[in-house]
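**Q** What would the 3D arrangement of this be:
(one chain, ligands or ions: 2)
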Amino acid sequence: MDIQTTLDLPSLAKRIAAGLLLALLATAPTHAEDESKRGFFNFFKGEDSSSIVPASPLQKYQQECASCHMAYSPGLLPAASWQNLMANLDKHFGTDASLAPADTSQIGSWLAANSGTYKRVSGTPPQDRISQSDWFLRKHRAGEVPANVWTRASVRSASNCIACHAGAEQGNFNEHQVRIPG
Ligand code: HEC
Ligand code: HEC
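**A** Ligands and ions are numbered 1, 2, ... in the order given. Purely as a prediction, here's the structure:
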């Protein structure tokens, strides 16, 4: 078969050009230097680095959701994940974290209002875990964090961000300030 006669070459060339442009757009935001300068979560929106932390904190969130683990920034999950979590607090990762209905609804609205709208936070991760998000698995793959680190007594779990990111509650995940405890 003569390939020249079966392919529409001008339109093929256009499609290749469009594909190249998409590939360029897709790889550009992961450029390491840009990320450390502008902040991992801010790249897509060009906001300042404090934007992963809500402008108006909710004290009740600190009280009710930071006793067993750190207060995760709402911006680390999409609204749909926070809704799932808040709707199933009685079966919360093997514990019962249920609250009075008024508190559930107040915290739920605040989480939804401050949830992540960044492109890399757009899909609901497995179990609605931040630590199961694609970006998380990519950033913490074995080449970056040796697998045996996660079970150390000083770390215990991937959910324990603050073990390695001292500024996690302030939304600081700067890769130059990470320290893996021994
Ligand atoms: C009674 C203890 C307890 C309370 C209270 C609690 N949690 Fe949790 N939460 C857990 C446990 C246990 C895990 C799983 C941690 C692990 O795998 O190491 C977890 C995990 C999570 C995760 C997933 C972390 C990850 O791996 O990415 C989120 C998000 C979360 N909790 C949100 C909340 C919210 C929101 C509240 C308040 C409404 C809350 N939690 C209150 C015990 C609690
Ligand atoms: C065992 C230590 C450890 C734990 C626990 C941990 N991280 Fe990390 N994290 C790292 C290391 C090391 C890097 C740097 C990887 C690299 O150099 O690209 C990193 C990178 C990141 C980055 C990218 C920073 C950048 O500028 O590129 C983000 C965002 C992040 N972590 C968020 C989290 C969140 C959220 C949690 C908790 C749900 C968490 N991490 C738990 C060790 C950890």
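
**Q** residues touching residue 134, list them.
**A** Going by Cβ atoms under 8 Å, 6 or more residues apart in numbering, residue 134 touches 120, 123, 125. The C-beta positions use only the backbone N, C-alpha and C, and glycine is treated the same way.

**Q** how close does residue 146 get to ligand 2?
**A** Residue 146 is 9 Å from ligand 2, where distance means Cβ to the nearest ligand atom, to the nearest Å.

**Q** If you tally nearby residues, what's the number for that residue?
**A** Residue 146 has 9 neighbours, counted by other Cβ atoms under 10 Å.

**Q** Kindly report the same for residue 175.
**A** Residue 175: 12 surrounding residues under other Cβ under 10 Å.

**Q** sorry, back to before: now, which of the contacts of residue 134 lie close to ligand 1?
**A** Among those, none lies close to ligand 1 by the criterion of Cβ under 6 Å from any ligand atom.

**Q** From those, pick the one nearest residue 144.
**A** residue 120 (16.3 Å; Cβ to Cβ).

**Q** Tell me if I'm right that that closest one and residue 135 touch.
**A** Yes. If you go by Cβ atoms under 8 Å, residue 120 and residue 135 touch, sitting 4.6 Å apart.

**Q** From the contacts of residue 134, keep the buried residues only.
**A** For the contacts of residue 134, a burial check counting by 16 or more other Cβ atoms under 10 Å picks out 120, 125.
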